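Asker: below are the sequence and a predicted model for it; my questions follow.
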Amino acid sequence: MGLIQQQATRMVSTINSMLNVSEIEAGRLELTFEDVDAGEICQTIVREFEVSSPDHTFRVDIPGIPTKVRADSVRLNQIVQNLVDNAVKYTPQYGNIEIMAVAPSNGMVHFSVSDTGIGIAVEAQRRLFQPFSRVSDEQTSKISGSGLGIYISRNLVMQHHGDMWLENEPGEGTTVHFTLPSVASTPTSIPNPISQFPDAPTSAIAPSMPG
């Protein structure tokens, strides 16, 4: 019964992801902005993963800095869930996963999700932010996933007027960075992410860290 439930959950997740992609590409994804404590969301999500993935070590490093952002709370949960879920999938048993935040700079709060996983091969990095793109090699062939999570997450971040990029060391782990507007920086409009989503944006791979 456990296996059937897992398969059903996976199927529902894939269907929801495909619906999200359709809404994003049609420009129909609606966001409701409010003041949200992103630090609390990160803490809650990590507690959930500590229960579901007890063989990994999780850490949240947010040293008393203001982490209130102007965001859609449901979509912010989705962003962090996707990134932590990916980190768990691609990090071997007993590996480490850490969420960090950096104090607001230029009106943006900078977050990162790091893991000690298998990393991403250089040739796969430029495809990472495209839909249905998955790291495919001998190490990852048995890892389930639709290849939509990171694509959806980056689009959602961009709709919040933020950005997402990664730092990566094959064989040693990956860090995904993203920025969101602090409560002092309120978005005035919602951009169409497709119009500013080139297939392989160099800023999405390894720009210098803000803040």
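Answerer: Now that the structure is in, tell me what you want to look at. Predicted model only: the values in this text are computed from it and were never measured. Residues are numbered from 1 along each chain as shown.
Asker: just the helices in the protein please.
Answerer: 2-25, 38-52, 73-89, 122-125, 149-159 (DSSP state H).
Asker: pLDDT averaged over the third one - what is it?
Answerer: If I follow you right, that is helix 73-89. For helix 73-89, mean pLDDT is 93.
Asker: dump that helix to CSV, restricted to CA.
Answerer: Provided in CSV are the C-alpha atoms of helix 73-89 (Å, rounded to 0.1, in the frame of the first residue of the first chain):
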residue,chain,number,x,y,z
SER,A,73,3.2,32.7,0.6
VAL,A,74,1.9,29.6,-1.3
ARG,A,75,4.3,30.1,-4.1
LEU,A,76,7.2,30.9,-1.7
ASN,A,77,6.5,27.6,0.0
GLN,A,78,6.5,25.9,-3.4
ILE,A,79,9.9,27.4,-4.3
VAL,A,80,11.6,26.3,-1.1
GLN,A,81,9.9,22.9,-1.1
ASN,A,82,11.2,22.3,-4.7
LEU,A,83,14.7,23.3,-3.9
VAL,A,84,15.0,21.3,-0.7
ASP,A,85,13.4,18.3,-2.4
ASN,A,86,15.9,18.4,-5.2
ALA,A,87,18.7,18.7,-2.7
VAL,A,88,17.5,15.6,-0.9
LYS,A,89,17.1,13.6,-4.1
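Asker: check which helices and strands it is in contact with.
Answerer: Judged by 3 or more C-beta pairs under 8 Å, 6 or more residues apart in numbering; DSSP states H and E, helix 73-89 is in contact with strand 34-37, helix 38-52, strand 96-105, strand 108-115, helix 149-159, strand 173-181. Every C-beta, even on glycine, is put in place using the N, C-alpha and C of the backbone.
Asker: buried set for that helix?
Answerer: Along helix 73-89, these residues count as buried under the neighbour rule (16 or more other C-beta atoms under 10 Å): 73, 75-89.
Asker: pull the helix or strand with minimum mean pLDDT from this protein.
Answerer: helix 2-25 (a mean of 52; mean pLDDT, DSSP states H and E).
Asker: surely residue 169 meets residue 119?
Answerer: Yes. Look at residue 169 against residue 119 with C-beta atoms under 8 Å: they come within range, at 5.5 Å.
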